[in-house]
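1. Compute the structure for the input listed below.
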Amino acid sequence: MIQVVDLHKRFGSLEVLKGVHLEVKNGEIVAILGRSGAGKTTLLQIIGTLDQPDKGQVLIDGQDVFQLSEKDLAAFRNRHIGFIFQQHQLLPEFTALENVMMPGLIARINEKEVERKAIELLTQLGLKERLYHKPSQLSGGEQQRVAAARAMLLQPSVILADEPSGSLDEQNKKELHTLLLEMREKYGQTIILVTHDQELARICDRQLVIQDGKIE
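-> Numbers count the residues shown, from 1 in each chain. Next up, the predicted model:
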């Protein structure tokens with residue numbers, strides 16, 4: 001599903017990625033670990049097409065993503081990649097339901113269909129009573145579940161999660177771990193997550209360590 005070939009990335013004089021090679025199978029859950037500053041988030045952002053490498057390729061389901069035009073790349077990202085961030089990145093002025101609907105509205109899918117799917121996902125995640133609450137009215141765990149529902153709305157083939165349990169308490173961490181496994185079971189999604197959480201890493205199919213700009 002994902003193939004990374006000889007990826008290099010430099011920020012000024014600092015070379016963060018020094019020829020990363022990585023393959024992730026369809027439906028696999030992979031954890032990327034490493035010390036702060038090792039390049040984990042940079043790698044995840046490039047795989048997610050939020051940043052571009054200085055050199056190298058990223059292929060998702062056979063598509064060489066950086067060969068796409070800017071417009072086509074944005075459309076590909078919207079349809080095929082879901083993101084879960086540590087700080088949730090929910091829009092504060094919108095309700096939980098509206099936040100989850102956003103990718104579908106951007107993709108110009110029928111609004112009623114998008115709303116139906118968003119309600120279904122939020123209900124599955126135990127948030128049926130919180131549909132019309134804004135992020136400030138939700139707990140950290142509830143916000144993370146809203147973010148997960150938003151990532152899943154268009155049933156993307158790939159989910160990328162950056163420290164998804166970083167701001168959660170123990171109970172909400174366990175719920176997130178269960179949720180990630182359920183997402184893979186129900187939708188067959190390929191999941192790559194960057195984490196310092198050893199418990200979260202242990203539920204994954206593989207653990208990879210990035211050190212000195214390369215996968216060890």
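
2. Put the alpha carbons of stretch 61-72 into CSV.
-> Taking Å, rounded to 0.1, in the frame of the first residue of the first chain, the C-alpha atoms of stretch 61-72 are listed here in CSV:
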residue,chain,number,x,y,z
ASP,A,61,-1.4,2.2,-3.7
GLY,A,62,0.9,2.4,-6.8
GLN,A,63,0.5,6.2,-7.2
ASP,A,64,3.7,8.2,-7.2
VAL,A,65,2.1,11.1,-5.3
PHE,A,66,4.6,13.8,-6.0
GLN,A,67,4.2,13.4,-9.7
LEU,A,68,0.6,14.8,-9.3
SER,A,69,-0.2,18.4,-9.9
GLU,A,70,-0.9,20.5,-6.8
LYS,A,71,-4.7,20.3,-7.4
ASP,A,72,-4.7,16.6,-8.1
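
3. which helices and strands sit right next to the longest helix that the chain contains?
-> Longest helix in the chain by number of residues, with DSSP state H as the criterion: helix 170-187. Packing partners of helix 170-187 (3 or more Cβ pairs under 8 Å, 6 or more residues apart in numbering; DSSP states H and E): strand 29-33, helix 140-152, strand 158-162, strand 190-194, helix 198-202. In this view, the C-beta of every residue, glycine as well, is placed from N, C-alpha and C.

4. Would you pull up how far it lies from the middle of the chain?
-> Chain-centre distance of helix 170-187: 13 Å, with Cα atoms, centre = their mean, to the nearest Å.

5. cool, stretch 194-214 as well?
-> Worked out by Cα atoms, centre = their mean, stretch 194-214 lies 15 Å from the chain centre.

6. can you list contacts of it?
-> 15-20, 22, 28-35, 38-41, 43-44, 161-166, 173, 176-177, 180-181, 193, 215-216 (Cβ atoms under 8 Å, 6 or more residues apart in numbering).

7. 6 Å - rerun?
-> Defining contact as Cβ atoms under 6 Å, 6 or more residues apart in numbering, one finds that stretch 194-214 is touched by 17-18, 28-34, 38-41, 44, 162-163, 165, 177, 215-216.

8. Stretch 191-199: end-to-end distance?
-> 16 Å (Cα to Cα, to the nearest Å).

9. C-alpha coordinates for the helix or strand bottoming out on mean pLDDT in the chain, CSV please?
-> When the helices and strands of the chain are scored by mean pLDDT, DSSP states H and E, helix 170-187 comes last with a mean of 80. What follows is helix 170-187, C-alpha atoms only, in CSV (Å, rounded to 0.1, in the frame of the first residue of the first chain):
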residue,chain,number,x,y,z
GLU,A,170,-5.0,6.1,30.6
GLN,A,171,-8.6,5.2,30.0
ASN,A,172,-8.8,7.3,26.8
LYS,A,173,-5.6,5.8,25.6
LYS,A,174,-7.1,2.3,25.9
GLU,A,175,-10.2,3.4,24.0
LEU,A,176,-7.9,4.8,21.3
HIS,A,177,-6.0,1.6,21.0
THR,A,178,-9.2,-0.4,20.7
LEU,A,179,-10.5,2.1,18.1
LEU,A,180,-7.4,1.8,15.9
LEU,A,181,-7.8,-2.0,15.8
GLU,A,182,-11.5,-1.7,15.1
MET,A,183,-10.8,0.7,12.2
ARG,A,184,-8.4,-1.8,10.6
GLU,A,185,-10.9,-4.7,11.2
LYS,A,186,-13.9,-2.9,9.8
TYR,A,187,-12.4,-0.9,7.0
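
10. before we move on, the earlier item: which of the contacts of stretch 194-214 are buried?
-> Buried subset of the contacts of stretch 194-214 (neighbour count, 16 or more other Cβ atoms under 10 Å): 17, 28-34, 38-41, 44, 162-163, 165, 177, 215.
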